[in-house]
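J.: here is a sequence with its predicted model. Questions after.
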Amino acid sequence: MERLDGKKIIVTGGTSGMGEGVVRAFPGLGAKVAFWGRNENAGKKISQETGAVFIRTDVSSKDAVDEAMKKSVKLLDGIDVLVHAAGVGPHCPAEDIQFEDWKATLEINATGTFLTNQAVFPYMKDTGGNILNFTSASAFINSPGQAHYAASKGAVNCWSRTIAKEWMRYNIRVNMIAPCIKTPMYEQMRAMMTPEQLVAHDADLAGLCIGGQMGDMDTDFVPVMAFMASDSSKFITGQTISIDGGIMMVR
């Protein structure tokens with residue numbers, strides 16, 4: 001696995017799921033890590049166990065993001081990599097989506113990406129940097145029951161590809177991570193499905209992913225994230241990195 005010695009890394013959504021997986025792994029690879037989240041109890045626990053610095057933050061609030069970015073950069077004495085993993089993954093038939101649920105999903109997934117990326121830009125403009133935004137296969141392929149989630153991640157895709165081109169002149173790389181990894185959020189999504197949806201979902205997964213199952217956090221996900229956060233990926237930008245067992249092979 002790639003070493004990240006001396007890398008100064010901010011991870012959003014670091015109190016659960018794949019963000020937490022990154023926070024737990026990267027300090028052991030030599031990185032200095034500050035991570036954000038809304039769950040203060042989880043954040044304090046993870047901080048004590050990893051040595052990473054926790055900052056309670058709501059990524060859908062501009063003021064909160066700007067303040068957290070300023071504080072994080074000061075604590076780390078700089079910033080090399082932003083891993084923007086914060087997000088939600090609701091499941092609901094399109095005709096039943098409530099406006100407040102639509103709005104909340106877009107605010108966290110799409111607006112949160114916009115706010116965090118803009119907030120980190122001034123700190124990377126002169127020195128270069130590496131931004132890893134999280135997208136989903138749902139933004140590329142039909143994903144019934146996730147219309148609002150797919151729309152939010154589609155916005156992430158368009159934003160990320162555009163700034164990858166615009167910010168190239170500042171030596172800022174921007175890539176997207178499209179994972180299919182077992183997380184608590186995935187289990188929550190399954191819990192919201194009807195029995196019929198679960199049967200269909202599992203049947204689809206069996207035919208989409210190698211081995212018929214989702215990937216493992218430690219063996220499938222973290223090594224790729226370490227590579228993408230390292231200088232070994234310095235010539236990669238504007239790309240979607242699929243850690244999904246073959247789901248995106250359909251494109």
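T.: Structure's in. What do you need?

J.: show me the strands in the stretch 101-250 of the chain, by range?
T.: 129-134, 172-179, 240-243 (DSSP state E, counting those that start in this stretch).

J.: render the CA-only coordinates of the second one in CSV, please.
T.: What it means is strand 172-179. Extracted as CSV, the C-alpha positions of strand 172-179 are listed here (Å, rounded to 0.1, in the frame of the first residue of the first chain):
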residue,chain,number,x,y,z
ILE,A,172,-5.0,21.1,-8.6
ARG,A,173,-6.1,17.6,-9.5
VAL,A,174,-9.8,16.7,-9.1
ASN,A,175,-11.0,13.1,-9.4
MET,A,176,-14.2,11.2,-8.4
ILE,A,177,-14.5,8.0,-6.4
ALA,A,178,-17.4,5.7,-7.3
PRO,A,179,-17.4,3.0,-4.7
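
J.: helices or strands up against it?
T.: On a contact count with 3 or more C-beta pairs under 8 Å, 6 or more residues apart in numbering; DSSP states H and E, strand 172-179 meets helix 112-124, strand 129-134, helix 147-166, helix 222-229, strand 240-243. Any C-beta I mention is one placed from the backbone N, CA and C, and that applies to glycine too.

J.: these: which one's closest to Glu95?
T.: Within the helices and strands packed on strand 172-179, the stretch nearest Glu95 is helix 147-166; the backing value is 9.3 Å (C-beta to C-beta).

J.: any idea how far apart the tips of stretch 223-241 sit?
T.: Here the two ends of stretch 223-241 are set 13 Å apart, with distance taken as C-alpha to C-alpha, to the nearest Å.

J.: which residues of the stretch 1-150 of the chain fall in helices?
T.: With DSSP state H, counting those that start in this stretch as the criterion, the stretch 1-150 of the chain has helices at 17-25, 40-50, 62-76, 99-106, 112-124, 147-166.

J.: can you give me the angle the first one makes with helix 40-50?
T.: Here the directions of helix 17-25 and helix 40-50 differ by 30 degrees (axes from the mean of the first three to the mean of the last three C-alpha atoms, to 10 degrees).

J.: over to the third one?
T.: Direction vectors for helix 62-76 and helix 40-50, defined by the same axes, to 10 degrees, enclose an angle of 20 degrees.

J.: would you format the strands of the stretch 101-250 of the chain as TSV with distance to Trp36, mean neighbour count and mean pLDDT included?
T.: Formatted as TSV, the strands of the stretch 101-250 of the chain follow (distance: least, C-beta to C-beta, whole Å; neighbours: other C-beta atoms under 10 Å; pLDDT from 0 to 100):
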stretch	distance to Trp36	mean neighbour count	mean pLDDT
strand 129-134	14	24	99
strand 172-179	17	23	97
strand 240-243	22	19	95
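
J.: most packed of the helices of the stretch 1-150 of the chain?
T.: helix 17-25 (a mean of 24; mean count of other C-beta atoms under 10 Å).

J.: orientation of that one relative to helix 222-229 in degrees?
T.: Relative orientation of helix 17-25 versus helix 222-229 (the same axes, to 10 degrees): 80 degrees.

J.: helix 17-25 to strand 129-134, inter-axis angle?
T.: With the same axes, to 10 degrees as the basis, helix 17-25 and strand 129-134 are set at 140 degrees to each other.

J.: which secondary structure elements does helix 17-25 contact?
T.: Helix 17-25 is packed against strand 8-12, strand 32-37, helix 40-50, helix 222-229, with contacts defined by 3+ C-beta pairs under 8 Å, 6+ apart.

J.: and of these, who's closest to Thr135?
T.: With C-beta to C-beta as the criterion, Thr135 lies closest to helix 222-229 of the helices and strands packed on helix 17-25, at 13.3 Å.

J.: which other helices and strands does that closest one contact?
T.: Checking 3+ C-beta pairs under 8 Å, 6+ apart, helix 222-229 ends up next to helix 17-25, strand 81-84, strand 129-134, strand 172-179, strand 240-243.
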